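everything below, folded, please.
(2 chains)
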Amino acid sequence: MTLSEVRDRLEYQSLLLGTVVLVTCAVLAFAYQLTREPIRKALENDLLKNFSQVLPPTLHDNNLLDSQHHIQAPWGEITWYQATMEDEVTAVVLPLTAAGYAGDIEMLMSIREDGRIAGVRVLIHKETPGLGDKIEISRSPWITGFNGKSLSKPGPAGWAVKKDGGVFDQFTGATITPRAVVGSIKGALEFFEAHKATFLQPAPTTGGHADD
Amino acid sequence: MTDYKRLAKDGLWTNNMVFAQLLALCPVMAVTGTATNGLGMGLATLFVLVFSNLIVSLIRRFVSQAVRIPVYIVIIATLVTLTDMLINAYAYELYKVLGLFIALIVVNCAILGRAEAFASKNTLWDTLIDSLMMGIGLTLALVIIGAFREILGSGTLFANADLLLGSRFGFLEVTLIPDYKGFLVLLLPPGGFIAVGFLLVLKRWIDQRLSKDHTLPRESAGCTVESHG
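The predicted structure follows:
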């Protein structure tokens, strides 16, 4: 029998398809093993880089990844991180989500133990380029205006964009985006205030989840 | 030798994936906000195209007519997943930009089209030349569209090239128009259609000027793929 005759038989075709799938699966499994560690490292580095943007290095001497905790926040289940300096809790880092003009705005912020903001950065957003995207640090320093602010400074009425009588700038042509960001940061501060005991409780020395 | 010349001319110009076959429009519109993104997507597609076509050509005698499409798709999907994993692991910054669109390479019907129309009927060597030329043609098209949109849309060229090519290539980044206020629509998806439209007109115009009798060159639009003997 020649190859072309065998090729048209049903058994041959099933076998061929099975072999191809088996081989490709094996290749993928191998590649997965090979890239798993680098991918985990890359994600971790990315996270650490984000941490360093919101949290000054003078505020912590621990590895934040070793002190992660989970809590149910009004904007969803979040993973937050405790920063310590010589085993004293100095700040917490937590992700927050705001409902922007074109979808969710994912942010990362750190709050000092006294309730002042140490830093906020927008990580992911779909706001309009040229208008709402000024919330990105690469487009505008606007987001740094939150540094040092707390619930008592500027006070409840001040936590709004200027158009609404607050102290924070809005952008020309885009009010919804900064309003959403200001509102959700205020919400995060209130959440921190309400759960201060949990957030500032010194963690046992072997805290966190080390598994992958 | 003339055969390779023809393959090269086909891939780069006459039968260019984007500007002649009008294939791969999904990634074209999605990622070409900057020339760098276009280059990244082009190279990723080139990689998948060349290797999937080589494999298809290698096993062409063992694949029967009836199951060829699933076999090709499995091979292409595997290579795309590999590319996805590798970029995620070793070029994470780039992955953050292209990540969502890498998976789209699977549904780029130009790759399956090439496997079906060329690789499954030709030798390994011819397939290598053909897929290289087709891939380079696609990459060039993506870079040109990306550059067009980036220059007019944000006044820069090859922004963030260092993320893709390493910091040595940082010099590629140029701000062509300082203090440019930006031309938003070109950066948004409609800008992709507008840019491709203008560039298509340009290509047709050049073709028309080049052909001596001033008749329009033969068309091959839509998802039909020319077969090569």
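
doesn't B:Ala195 belong to a helix?
Yes. Checked against DSSP: H, G, I helix; E, B strand; the rest coil, B:Ala195 lies within a helix.

that one is in contact with B:Ile145, isn't it?
Yes. B:Ala195 lies in contact with B:Ile145 (C-beta atoms under 8 Å); the separation is 5.2 Å. In short, each C-beta sits where N, CA and C put it, glycine included.

what do these two both touch?
Common contacts of B:Ala195 and B:Ile145 (C-beta atoms under 8 Å, 6 or more residues apart in numbering or on different chains): B:Thr32.

how about the residues of chain A near chain B?
Taking C-beta under 8 Å from any C-beta of the partner chain as the criterion, chain A approaches chain B at residues A:3, A:7-8, A:12-13, A:16-17, A:20-21, A:24, A:27-28, A:31-32, A:35, A:38-39, A:42-43, A:45-46, A:128-131.

chain A contacts on chain B?
Residues of chain B lying near chain A by C-beta under 8 Å from any C-beta: B:61-67, B:70-71, B:74-75, B:77-78, B:81-82, B:85-86, B:88-90, B:92, B:95-96, B:182, B:184, B:187-188.

count the neighbours of the residue nearest to A:His70 when sequence neighbours are not counted for me.
Spatial nearest neighbour of A:His70, excluding adjacent residues (C-beta to C-beta, 6 or more residues apart in numbering or on different chains): A:Thr79 at 5.6 Å. Residue neighbour count, defined by other C-beta atoms under 10 Å in any protein chain shown, stands at 13 for A:Thr79.

any idea which element A:Thr79 lies in?
strand A:76-85 (DSSP states H and E).

now whatever helix or strand comes next after that strand: mean pLDDT?
Per DSSP H and E, the first helix or strand lying C-terminal to strand A:76-85 is strand A:88-100. The average of the pLDDT scores along strand A:88-100 is 91.

same check, this time on stretch B:62-78
Averaged across stretch B:62-78, the pLDDT comes to 91.

isn't A:His195 up against A:Ile71?
Yes. Applying C-beta under 8 Å as the test, A:His195 and A:Ile71 come out as touching, 7.0 Å apart.

does the nearest residue to A:Gln53 once chain neighbours are set aside belong to a helix, a strand or coil?
Leaving aside its sequence neighbours, A:Gln53 sits nearest to A:Arg121 (C-beta to C-beta, 6+ apart; 4.9 Å). Put simply, A:Arg121 is strand when judged by three-state DSSP.

separation between A:Arg121 and A:Ile185?
11 Å (C-beta to C-beta, to the nearest Å).

look at the two and report which has more neighbours.
Taking other C-beta under 10 Å, A:Arg121 and A:Ile185 do not tie; A:Ile185 has more neighbours (22 against 19).

ok, now which ones touch the more buried one?
A:Ile185 is in contact with A:Leu96, A:Ala98, A:Met107, A:Met109, A:Ile117, A:Val120, A:Phe146, counting by C-beta under 8 Å, 6+ apart.

against chain A, how distant is B:Leu23?
24 Å (C-beta to the nearest C-beta, to the nearest Å).

ok, now which ones touch the residue nearest to that residue when sequence neighbours are not counted?
Closest residue to B:Leu23 apart from its sequence neighbours, by C-beta to C-beta, 6+ apart: B:Ala110 at 3.8 Å. B:Ala110 makes contacts with B:Met17, B:Gln21, B:Leu23, B:Ala24, B:Leu49, B:Met134, B:Leu138, as judged by C-beta under 8 Å, 6+ apart.

farthest pair within these?
Largest separation among the contacts of B:Ala110 by C-beta to C-beta: B:Gln21 and B:Leu49, giving 13.2 Å.

which of the two has more neighbours?
A count of neighbours by other C-beta under 10 Å puts B:Leu49 above the other of B:Gln21 and B:Leu49, at 28 against 23.

tell me which element the nearest residue to that one once chain neighbours are set aside falls in.
Closest residue to B:Leu49 apart from its sequence neighbours, by C-beta to C-beta, 6+ apart: B:Gly135 at 4.5 Å. Element membership for B:Gly135 (DSSP H and E) is helix B:124-154.

in the strand holding A:Thr79, what's buried?
A:Ile78, A:Trp80, A:Tyr81, A:Gln82, A:Ala83, A:Thr84 (16 or more other C-beta atoms under 10 Å in any protein chain shown).

can you check stretch A:26-41 too?
A:Ala31, A:Thr35, A:Ile39.

just checking, what packs against whichever strand or helix holds B:Ala8?
Element membership for B:Ala8 (DSSP H and E) is helix B:2-9. Applying 3 or more C-beta pairs under 8 Å, 6 or more residues apart in numbering or on different chains; DSSP states H and E, we find helix B:2-9 packed against helix B:124-154.

tally of neighbours for B:Phe62?
With other C-beta under 10 Å as criterion, B:Phe62 counts 14.

wait, it sits on A:Val6?
No. If you go by C-beta under 8 Å, B:Phe62 and A:Val6 don't touch, sitting 9.5 Å apart.

remind me what the lowest-mean-pLDDT helix or strand in chain B packs against, helices and strands.
Every helix and strand in chain B was compared by mean pLDDT, DSSP states H and E; the lowest is helix B:161-165, with a mean of 72. Other helices and strands packing on helix B:161-165, by 3+ C-beta pairs under 8 Å, 6+ apart, are helix B:35-58, helix B:92-102.

so after the longest one, what's the next helix or strand?
Proceeding C-terminally, helix B:35-58 gives way to helix B:68-90 as the next helix or strand, assigned by DSSP H and E.

can you list the residues that contact that following helix?
Against helix B:68-90 from outside (C-beta under 8 Å, 6+ apart): A:16-17, A:20-21, A:24, A:27-28, A:31-32, A:35, A:38-39, A:42, B:44, B:47-48, B:51-52, B:55-56, B:59, B:63, B:94-95, B:98-99, B:102-103, B:105-106, B:111-112, B:115-116, B:120.
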